[in-house]
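S.K.: sequence and computational prediction follow.
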Amino acid sequence: MLLAGDIGGTKTVLALFSAEAGPHHPLAEAKFSSDEYGSLEEIVAHFLEEQATRPERACFGVAGPVRHNRVQVTNLPWIVDAGQLSQALGGVSVHLLNDLAAVASAIPILEPADLETLKPGQAEPGGNIAIIAPGTGLGEAFLFWDGQHYQPIPSEGGHTDFAPASPLELELLAYLQPRLGHISYEWVCSGIGIPNLYAFLRDSGRHPEPEWLRQALAAAEDPTPIIVRAAQENRAAICAATLALFMSILGGEAGNLVLKVLATGGVYLGGGIPPRILPQLRQSAFREVFSRKGRFSPLLEQVPVYVILNPRVALMGAAHHGLVMASQTWRDG
């Protein structure tokens, strides 16, 4: 029995899996609001109180860089330590991996219903695969073929310097730098970044802010869903412009990631935002900006782009990784 988890800044999802049922079919599953708990150990204890069985090992995908089986969670004041979790679980083996490495681990086992093709192309068999995932933050990872299997490689590419690719984006950078200091892609291409784009378009005088919208945003704990919904419903030009700028930046950085890791096997858009804005993505400048890479534009034009529709992909990847590790341990033993 494996306990697997998807640990993020907004939500934590835990589930029990067996080797027989596999990573697509959890035996028990629950979702928790991360900020309502002081640690992952608290959530694990809460979850297991309701279960009739106990896990023999555990594997968690965590939003943040994993070093020595320990991670400071990005966008959450937690430190997740495998040793402490092991003690809390009665001494079982605990493995931590970056949340995007967990998503990457699931890519080879995704089914057709889990994906939507955003940009057709010709994936090169055995070519590297890129994953970029705007959710609360911006995650990036990739997979490489070792001759027998795809191996996930995590990164913190979402925190690299934002590189403006248009006059508008240059103005955006100039607007944000005095306010935030270091401007990473996460500050302009994620759930926490969308309000920054909105504020820039408002304060630069490009679009007026309707009074009803100002009041709604002032009362909201999280303004991002309001902005996105208003854009999708064509209720406010400033929101439509915000979403268009977001999608253009996402297209540019997705193309950058292809070049950085030579992802001729395709690009997968994960995170919570792309599935929710799929109709807008199809009509946006995403594809044009994605492929606009000068001398390497012909290469980008051949690379397919997919949107991951399955919201449980990180959990599934953590389960798959944990079950594979378990089977290898049993074989080696």
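M.R.: Structure's in. What do you need?
S.K.: what about Y37, how many residues nearby?
M.R.: 17 (other C-beta atoms under 10 Å). No exception for glycine: its C-beta is placed from N, CA and C like everyone else's.
S.K.: show me where the stretch 201-333 of the chain has its helices.
M.R.: Applying DSSP state H, counting those that start in this stretch to the stretch 201-333 of the chain gives helices spanning 211-219, 224-232, 237-261, 273-276, 278-283, 286-291, 297-302, 313-332.
S.K.: now the shortest one: buried residues?
M.R.: Buried positions in helix 273-276, judged by neighbour count with 16 or more other C-beta atoms under 10 Å: 273-275.
S.K.: for those residues, give me JSON lines that also has pLDDT and distance to S184.
M.R.: Compiled in JSON lines, those are given as follows (pLDDT from 0 to 100; distance: C-beta to C-beta, whole Å):
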{"residue": "I273", "pLDDT": "96", "distance to S184": "17"}
{"residue": "P274", "pLDDT": "97", "distance to S184": "19"}
{"residue": "P275", "pLDDT": "97", "distance to S184": "23"}
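S.K.: now the helices of the stretch 201-333 of the chain as CSV including distance to A52?
M.R.: Shown next, in CSV, are the helices of the stretch 201-333 of the chain (distance: least, C-beta to C-beta, whole Å):
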stretch, distance to A52
helix 211-219, 43
helix 224-232, 37
helix 237-261, 43
helix 273-276, 34
helix 278-283, 39
helix 286-291, 47
helix 297-302, 51
helix 313-332, 19
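S.K.: which one of those has the most crowded surroundings?
M.R.: Mean neighbour count (mean count of other C-beta atoms under 10 Å) peaks for helix 237-261 among the helices of the stretch 201-333 of the chain, with a mean of 23.
S.K.: and R206, backbone torsions?
M.R.: Here is the backbone geometry of R206 (degrees, to the nearest 10): phi -70, psi -30.
S.K.: pLDDT value on it, please?
M.R.: Per-residue confidence at R206 stands at 95 (pLDDT).
S.K.: am I right that it is in contact with A241?
M.R.: Yes - contact criterion C-beta atoms under 8 Å: R206 and A241 qualify, at 6.9 Å.
S.K.: if we can go back for a sec, of the helices of the stretch 201-333 of the chain, which approaches V94 most closely?
M.R.: Across those, V94 has its closest neighbour in helix 313-332 (9.6 Å, C-beta to C-beta).
S.K.: returning to what we had before: closest one to H159 among the helices of the stretch 201-333 of the chain?
M.R.: Nearest of these to H159, taken as C-beta to C-beta: helix 237-261 at 11.9 Å.
S.K.: show me where pLDDT drops low in the stretch 151-300 of the chain?
M.R.: Applying pLDDT under 70 to the stretch 151-300 of the chain flags no residue at all.
S.K.: how far away is the closest residue to A21 other than its chain neighbours from Q51?
M.R.: Distances taken as C-beta to C-beta, 6 or more residues apart in numbering place L27 nearest to A21, at 6.3 Å, with adjacent residues excluded. Separation of L27 from Q51 (C-beta to C-beta, to the nearest Å): 9 Å.
S.K.: same check, this time on L262
M.R.: Taking C-beta to C-beta as the measure, L262 falls 44 Å from Q51.
S.K.: dump the residue contacts of the nearest residue to P108 once chain neighbours are set aside.
M.R.: Residue nearest to P108 in three dimensions, not counting chain neighbours: Y150, with 5.1 Å by C-beta to C-beta, 6+ apart. Each residue near Y150 by C-beta atoms under 8 Å, 6 or more residues apart in numbering is listed here: 104, 107-108, 129, 143-144.
S.K.: name the residues that touch the helix or strand containing A45?
M.R.: Taking DSSP states H and E as the definition, A45 sits inside helix 40-49. By C-beta under 8 Å, 6+ apart, the surrounding residues in contact with helix 40-49 are 3, 5, 7, 12, 14, 30, 32, 34, 37, 54-55, 60, 78, 80, 84-85, 88-89.
S.K.: distance-wise, check the nearest residue to V92 once chain neighbours are set aside relative to A19.
M.R.: Of all residues not flanking V92 in the chain, R57 sits nearest, at 5.3 Å (C-beta to C-beta, 6+ apart). Look at R57 and A19: by C-beta to C-beta, they are 11 Å apart.
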